[in-house]
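# what's the 3D shape of this:
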Amino acid sequence: MSGIIYSEASGLNDAVIGKKLAPIRAILNENVEAFQNKSLIDKIYYMDKSKSWAENYTSETALGNFQDVGEGGATPMSGVQEGYDKTIVHRTWKNGFVITREMLDDMKIGKMKSNANKFATSYGRGREMYAARMLSGATAASMTMAGVKYDLTCADGKPLFSEAHPSKTKGTKFTQSNMFKAELSESIFDQMQEKMQDFCDDDGNLLSVAPDTIIIPNNARMKRLVFSIIGSDLDPETNNNAMNFQMGLWNVLIWPYMDKQIGDNDYFMMADSKFLQDYMCLPFVDRVPLSVTHDIDGNTHNHVFRGYARYAAGFNNWRGLAICGKGISSGTVLTK
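Numbering: from 1, shown residues only. Take a look at the predicted model:
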């Protein structure tokens, strides 16, 4: 459900006005809910709710492996310490629209619905664009959208995608990369998968990351190339009828709101959808759902609808996904 909160200014509970404006509420509910149903945010981000001004996400270092202690041996107690943490501060989002007194008098339903449609689309598109551009921009430490600067670092202080993520326990003596520089091919795809499967915790223990999702922008060439790599039962780069072991292993998310290219070149992301959720890698936090207030302008007698929401996204744990593209300036180089 859309979960929109409505409030009316005093004196606006007139039954006639309420009946005339009923289509507005119906359109807002339907369109916001439709946008939510098509959204990719919850397929990638960890959806959370908040009752405070911000939310803090803290990790802990992993336990060591079980040890062979022999018959009657004592149980070793592995030390666990607090890992990096990330605070996500909620942001305030607003927009509005107007139904003129004349529209209401003449019951111009088409124009009223059109304005409500545009408002609902503005809300859904804004959330989607914010989340998508945060993700595709995260090879840098920050980005600016519509004049506002957003933090793109994860809990370790590095951009979400970095070739030098430090360890909490070993510092820069043990770094890992989830940002790679190469043009997509079958060989590069396989290497990217291997790199993610080799991701370790802060102490160097394998995490069993199992990438199962490909994320790409709405780019015709990349769509064709990705599906040729994962959608054919035969190896797409040979003519010897070798079986393609990648077939049937992947979900593909095409997000039109992401940047189409990075550094004037195509790119793709690989993710472990379960890891993203289990480890709260990319929190998207709703503080106040969309709230719509309605009042009448005393000078124009127009009906004014104002929308208000508070939410924020941020990056906590980088290990659930990786990025690769030829135009990425400082990624770990992969070769065919």
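# where does this protein dip in pLDDT?
1-2, 8-20, 60-62, 79-80, 232-248 (pLDDT under 70).
# Check it for its longest helix and report it.
helix 109-136 (DSSP state H).
# Buried residues in that one, which are they?
112, 115-116, 119-120, 123-124, 126-128, 130-136 (16 or more other CB atoms under 10 Å). In this view, the C-beta of every residue, glycine as well, is placed from N, C-alpha and C.
# just the helices in this structure please.
15-38, 41-44, 101-105, 109-136, 186-197, 220-230, 273-278.
# Would you mind writing the CA trace of the second one as PDB?
Provided in PDB are the C-alpha atoms of helix 41-44 (Å, rounded to 0.1, in the frame of the first residue of the first chain):
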ATOM      1  CA  ILE A  41      15.000   0.300  -4.600                       C
ATOM      2  CA  ASP A  42      14.000  -2.600  -2.300                       C
ATOM      3  CA  LYS A  43      15.700  -5.100  -4.700                       C
ATOM      4  CA  ILE A  44      19.100  -3.500  -4.000                       C
END
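# Need the contact partners of it.
47, 127-128, 131, 135, 213, 215, 253, 271, 273, 276, 282, 284 (CB atoms under 8 Å, 6 or more residues apart in numbering).
# Can you give me the buried ones in that helix?
Buried-residue list, helix 41-44, by 16+ other CB under 10 Å: Ile41, Ile44.
# how close does Pro76 get to Lys170?
Pro76 sits 20 Å away from Lys170, going by CB to CB, to the nearest Å.
# I meant Arg287, not that one.
Arg287 is 36 Å from Lys170, by CB to CB.
# show me what contacts Asp286?
The contact partners of Asp286, by CB under 8 Å, 6+ apart, come to Met47, Asp48, Lys49, Ser50, Ala309, Arg310, Tyr311.
# how many other residues sit next to the second one?
Other residues lying near Asp48 total 15 when counted by other CB atoms under 10 Å.
# Now it: closest residue in space, sequence neighbours ignored.
Closest residue to Asp48 apart from its sequence neighbours, by CB to CB, 6 or more residues apart in numbering: Val285 at 4.7 Å.
# now do the last one
Counting by CB to CB, 6+ apart, Tyr311 lies nearest to Asp286, which is 4.8 Å off, once chain neighbours are set aside.
# Any figure for the gap between the one you found and Phe315?
17 Å.
# ok, now Thr87?
12 Å.
# between these two, who's got more neighbours?
Per other CB under 10 Å, whichever of Thr87 and Phe315 has more neighbours is Phe315, with 26 against 14.
# For that one, give its distance to Ala132.
Counting by CB to CB - Phe315 and Ala132 are separated by 14 Å.
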